[in-house]
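Enquirer: Have a look at this fold, sequence not included:
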DNA sequence: GTCCCTGCAAACGTTTTGCACACAG
DNA sequence: CTGTGTGCAAAACGTTTGCAGGGAC
């Protein structure tokens, strides 16, 4: 697939310096950033980026389907640039690190559907990452 | 299992009118309420309940393991009183209604564990409920 | 009587919005 | 040139906290 910035230009998206930097931050990250983290990284590259523009731009990207919005238990929204492949998430409940993983979807038995029209399935594997396991291991 | 209020008293929880009302609201609801919705329902029964007490009490109940805290994509925390049986959730993405369902857990292949220590699995079936499907059906 | 819980209001962190100016097209 | 994106600051939102008074045990 074409790079994110190219896809956006092809959709007639007005490309400003701020938007390009924000899109590049998202495209370059494999972790799932909160808006404020995107703001920090974007500002490091281009200081004349405002918080409002980061929020506005992220919301637009979500609306265009170029970004997935997720809610991490800390109450902040996180943004996932991986919209190409279906995937689930592996979350470290201690440090908040989140990785993409692939696993089979669970299925919902007919008698549990309650007449709902199924659209998608979200799976989060709650876990502790190696670093956090090591940090709490009984010190010798 | 004993009623929630009984379990709480047995743990030495100081039982005030406000706390009892909040616990009863949670016990009586099969939906997954946000703190403000709990506040409204509690105040309908007992007007002298403050928002702060609702928040404090919900956090205590979560800490005691009598309530599960979940984050619904609208950014508000929701509280699930069903701690007895393992279950997943069926969410209407239009109106936000959320039901408990039982389904098999998906499994995470070894080559996808990245060394993490698995603790639990959260599954949300994203869907549209019958009422919302009907609301958007092509009008004849 | 003691200590914990309560209400109130202010503080907090995140996200949204109103407005005049600036720049991409 | 025009229309849309921008920065700034203020507001909105859900939640937490500090404090003095009150009620459960």
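Expert: Alright, I've got the coordinates. All values derive from a computational prediction rather than experimental measurement.

Enquirer: so what's the backbone phi/psi at the closest residue to residue A:17 other than its chain neighbours?
Expert: Nearest non-adjacent residue to residue A:17, counting by CB to CB, 6 or more residues apart in numbering or on different chains: residue A:46, 6.0 Å away. (Glycine included, C-beta is placed from N, CA and C.) The phi/psi pair for residue A:46 (degrees, to the nearest 10) reads phi -140, psi 100.

Enquirer: now swap in the one 5 residues further on and tell me
Expert: Torsion angles at residue A:51 (phi, psi; degrees, to the nearest 10) stand at phi -60, psi -40.

Enquirer: For residue A:86, list the residues it contacts.
Expert: Counting by CB atoms under 8 Å, 6 or more residues apart in numbering or on different chains, residue A:86 makes contact with residue A:102.

Enquirer: pLDDT at it, what is it?
Expert: pLDDT, residue A:86: 92.

Enquirer: Can I take it that it is in a helix?
Expert: No. Under DSSP: H, G, I helix; E, B strand; the rest coil, residue A:86 sits outside any helix and is assigned coil.

Enquirer: measure it to residue B:107 for me?
Expert: 16 Å (CB to CB, to the nearest Å).

Enquirer: which residues of chain A fall in helices?
Expert: A:4-10, A:17-28, A:35-45, A:51-63, A:130-135 (DSSP state H).

Enquirer: neighbours around the closest residue to residue A:7 other than its chain neighbours, how many?
Expert: Spatial nearest neighbour of residue A:7, excluding adjacent residues (CB to CB, 6+ apart): residue A:66 at 6.9 Å. Counted with other CB atoms under 10 Å in any protein chain shown, the neighbours of residue A:66 add up to 19.

Enquirer: Can you name the residues bridging to the residue nearest the centre of chain A?
Expert: Among the residues of chain A, the one closest to the centroid is residue A:80, at 1.8 Å (CA atoms, centre = their mean). Residues in a beta bridge with residue A:80, per DSSP bridges, are residue A:68.

Enquirer: so what's it scoring on pLDDT?
Expert: 93.

Enquirer: Also residue A:98?
Expert: 86.

Enquirer: ok, it - contacts?
Expert: So residue A:98 contacts A:31-32, A:72, A:78, A:89-92 (CB under 8 Å, 6+ apart).

Enquirer: where's the dip in pLDDT among those?
Expert: Out of the contacts of residue A:98, that is residue A:72, at 69.

Enquirer: quick one on the thing from earlier: show me just the buried residues among the contacts of residue A:98.
Expert: Neighbour counting by 16 or more other CB atoms under 10 Å in any protein chain shown classes A:32, A:72, A:78, A:89-92 among the contacts of residue A:98 as buried.

Enquirer: Let me see the mean pLDDT of the longest strand belonging to chain A.
Expert: In chain A, assigned by DSSP state E, the strand with the most residues is strand A:117-128. With pLDDT averaged residue by residue, strand A:117-128 scores 93.

Enquirer: what pairs with that strand, and is each one parallel or antiparallel?
Expert: Assessed with DSSP bridges, strand A:117-128 is paired to strand A:88-92 (parallel), strand B:117-128 (antiparallel).

Enquirer: The residue of chain A found nearest DNA strand D and residue A:95, how far apart?
Expert: Proximity of chain A to DNA strand D (CB to the nearest atom of the strand) peaks at residue A:53, 2.9 Å away. Distance of residue A:53 to residue A:95, computed by CB to CB: 29 Å.

Enquirer: out of these two, which sits in the busier spot?
Expert: Taking other CB under 10 Å, residue A:53 and residue A:95 do not tie; residue A:53 has more neighbours (17 against 12).
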